[in-house]
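Participant: model the structure of this input:
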Amino acid sequence: MREAMLVFHFLGMILAIGTISIFLLKGFATSKMNDEEKVVFLPGLFRLNTLGHIGVTLSLISGGYLMTPYWGQLGAMPLLVAKLLLYVVLLFTMSMISVASRKARENSSGHSVNKIMVWTRVSFLLGLAVVILATLVFR
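Facilitator: Take a look at the predicted model:
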């Protein structure tokens, strides 16, 4: 069962961080556009939020199962605690991307698009930090 949960966990991470990476790369690709062009170009991309949320949920459920042997030792594993805290912050930033995406779809505001790009950069760095910490903890 552990191997199946690892597969689901990695699949969830791919979906979550992959979605953030797509937002980040599209943000770089549209950096030379003015706000009106961005508003026209990016709305279809916002639908990828669903994939990111599925990935985060999948990694949360499978990660909770995979953590069962470690809950008792959590106090002695500061890197694991840091990873879990960064994961919670990642959940928050992905929620902020969703809120800003919804506002951008409804209002066609360039300001919301800029907020999405800021939250995307933060989310990408957090996702990268979570993966690095997981690698260090479970090597």
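
Participant: ok now the helix or strand bottoming out on mean pLDDT in the chain, how far from the chain's centre?
Facilitator: The weakest-scoring helix or strand in the chain, judged by mean pLDDT, DSSP states H and E, is helix 35-41 (a mean of 70). From the chain centre to the centre of helix 35-41 is a distance of 23 Å (CA atoms, centre = their mean, to the nearest Å).

Participant: could you name the helices and strands sitting against that helix?
Facilitator: Applying 3 or more CB pairs under 8 Å, 6 or more residues apart in numbering; DSSP states H and E, we find helix 35-41 packed against helix 110-137. In this view, the C-beta of every residue, glycine as well, is placed from N, C-alpha and C.

Participant: got the buried residues for the helix it packs on?
Facilitator: 110, 112-113, 115-117, 119-124, 126-127, 129-130, 133-134, 137 (16 or more other CB atoms under 10 Å).

Participant: grab the nearest non-local neighbour of residue 66.
Facilitator: residue 5 (5.5 Å; CB to CB, 6 or more residues apart in numbering).

Participant: please identify the helix or strand for the one you found.
Facilitator: Here residue 5 sits within helix 2-29, counting by DSSP states H and E.
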